[in-house]
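1. sequence unavailable; structure follows:
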């Protein structure tokens, strides 16, 4: 059982630690509460561009020095951007945790954004965008979020477009960085053989100032999402060998008490288990699809529930109808106590296996603490799962799983 320690510095920077004194490998991360939804339409892709540029030199170290400082001891430095956060983290031998922590904080505090590096990295990002466009099973998810959330920036593609990335300059990056990469918007999170005293010492040195009040609204976020309430149905002729189908609707936000129940319903319908209802019905019983999945992504003020499958063009309509049938089944027939017990047993087992993946557990801890100020232990999450009832899940299904609520996007 892991135990968690938390702290808040005078600068406003928050810290969470899962200390494992005997660990030979440690994980250190910095989460920033900024992502693609915080950008204006004209410059979307800006958060992602900054993620790339964080590795291109600081006031203390050049780009080669940053790389050498970590790679020389076998440490790894990574980063990623989402709609609502940017995560920078290191995986290192525990004996080099101090070195890795110093590099992370240097990047967060002193990145320079040299113009000559951006000229090169801009081409790398454009190549990334083009490669993504060659993968319809990935591209469809970006377009679908834009379809559901438009015109709100929550629908923006994280990478941006060729045009928007082309408009970004290092001046834009520096302004955005200075505005958002502030300690009161950050969480320092760690797992392994490090102490809270060490984290507080290094972070206080990097961010010695007192916390500041949040400045006005972000460039893109504005108010909570307001989007078209009517579902849209779109078909794109892309000349694909198979049909790529995405169906879904807006859903509960990160703080909604019904979120856990919807997560369980998504797992029952199309989670990782081969016994998920949609996999059994569409693939195992009828052979209509190669892959089908259901996902629920909660954001801080909205959410998205979706179902994706790939099928032959011939099987597309039948597969869609069967998906709706399974959704309507949950909206018309409450789970039995036996079905709920089986679903909870499977989910608890999956969570236990997932928690054994230390890197993923560490990142989940950081993201949860960044947005909610807490992180549930496995035991606490199991207790919350125990509060779910067939009646509560039935009400959730009745509210969301109506055919009229569902957008569809099809690539053919």
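-> Structure received. Everything numeric here is computed off the predicted structure, so don't read it as measured data. Numbers count the residues shown, from 1 in each chain.

2. specify the beta-bridge partners of residue 77.
-> Residues in a beta bridge with residue 77, per DSSP bridges, are residue 90.

3. any idea how far the closest residue to residue 313 other than its chain neighbours is from residue 122?
-> By the measure of Cβ to Cβ, 6 or more residues apart in numbering, the closest residue to residue 313 outside its immediate chain neighbours is residue 243, 5.2 Å from it. C-beta: built from backbone N, CA, C; applies to glycine. Counting by Cβ to Cβ, to the nearest Å, the gap from residue 243 to residue 122 is 35 Å.

4. okay, those two: which has more neighbours?
-> Taking other Cβ atoms under 10 Å, residue 243 and residue 122 do not tie; residue 243 has more neighbours (22 against 17).

5. mind listing what that one touches?
-> Residues near residue 243 by Cβ atoms under 8 Å, 6 or more residues apart in numbering: 310, 311, 312, 313, 315, 316, 410, 411, 412.

6. now swap in residue 187 and tell me
-> 13, 14, 15, 16, 30, 31, 366, 369, 370.

7. which of those residues fall in strands?
-> Within those, residues falling in strands by DSSP state E are 14, 15, 16, 30, 31.

8. quick check, nearest of these to residue 114?
-> Distance to residue 114 across those (Cβ to Cβ) is lowest for residue 30, with 21.1 Å.

9. quick check: closest non-adjacent residue to that closest one.
-> Nearest to residue 30 is residue 88, by Cβ to Cβ, 6+ apart, at 4.9 Å.

10. I'd guess that neighbour is in a strand, am I close?
-> Yes - assigned with DSSP: H, G, I helix; E, B strand; the rest coil, residue 88 falls within a strand.

11. ok, residue 97 touching residue 193?
-> Yes - shown here, residue 97 and residue 193 form a contact pair, counting by Cβ atoms under 8 Å, at 6.7 Å.

12. of those two, who's got more company?
-> Using other Cβ under 10 Å as the criterion, residue 97 and residue 193 rank with residue 97 on top: 25 against 18.

13. could you say which helix or strand contains the more buried one?
-> Per DSSP states H and E, residue 97 falls inside helix 97-110.

14. show me what that helix is packed up against.
-> In terms of contacts (3 or more Cβ pairs under 8 Å, 6 or more residues apart in numbering; DSSP states H and E), helix 97-110 is packed against strand 25-32, helix 63-71, strand 76-81, strand 86-93, strand 186-192, helix 196-206.

15. buried sites along the lowest-mean-pLDDT helix or strand in the chain?
-> Across the helices and strands of the chain, mean pLDDT, DSSP states H and E gives its lowest value to helix 378-385, namely a mean of 89. Judged by neighbour count (16 or more other Cβ atoms under 10 Å), helix 378-385 contains these buried residues: 381, 385.

16. same question, stretch 74-90
-> For stretch 74-90, the neighbour count (16+ other Cβ under 10 Å) marks 75, 77, 79, 81-90 as buried.

17. can you give the domain ranges for the protein?
-> 4-206, 233-411 (automatic domain parsing).

18. among those domains, which is the most enclosed?
-> Of all the domains of the chain, domain 4-206 has the most neighbours on average by mean count of other Cβ atoms under 10 Å, namely a mean of 19.

19. and the residue most central in space within the chain, its phi and psi?
-> Among the residues of the chain, the one closest to the centroid is residue 82, at 5.3 Å (Cα atoms, centre = their mean). Main-chain dihedrals, residue 82, degrees, to the nearest 10: phi -120, psi -170.

20. residues in contact with it?
-> Neighbouring residues of residue 82 by Cβ under 8 Å, 6+ apart: 35, 36, 158.

21. from residue 297, how far out is it?
-> Using Cβ to Cβ, one obtains 9 Å as the distance from residue 82 to residue 297.

22. and the residue sitting furthest away from the middle of the chain, what does it touch?
-> The C-alpha centroid of the chain is most remote from residue 314, which lies 33.8 Å away (Cα atoms, centre = their mean). Counting by Cβ under 8 Å, 6+ apart, residue 314 touches no other residue.

23. thinking again about what came up before, contacts for the helix holding residue 97 next, please.
-> Residues external to helix 97-110 that are found in contact with it (Cβ under 8 Å, 6+ apart): 26, 28-30, 32, 54-55, 58-61, 66, 69-70, 73, 75, 77, 88-90, 92, 181, 186, 190, 192-194, 198-199, 202-203, 205-207.

24. so the residue nearest to residue 309 when sequence neighbours are not counted: helix, strand or coil?
-> Spatial nearest neighbour of residue 309, chain neighbours left out: residue 292 (4.0 Å); criterion: Cβ to Cβ, 6+ apart. Three-state assignment for residue 292 (three-state DSSP): strand.

25. so residue 292 touches residue 271, yeah?
-> No - contact criterion Cβ under 8 Å: residue 292 and residue 271 do not qualify, at 10.8 Å.

26. rewinding a little: any idea how far the residue farthest from the centre of the chain lies from residue 412?
-> 11 Å.

27. likewise for residue 83?
-> With the distance defined as Cβ to Cβ, residue 83 ends up 27 Å from residue 412.

28. all helices of the stretch 201-350 of the chain, in order?
-> Along the stretch 201-350 of the chain, counting by DSSP state H, counting those that start in this stretch, helices occupy 259-270, 277-278, 316-332, 337-355.

29. of all those, which lies closest to residue 249?
-> Relative to residue 249, the nearest member of the helices of the stretch 201-350 of the chain by Cβ to Cβ is helix 316-332, separated by 10.1 Å.
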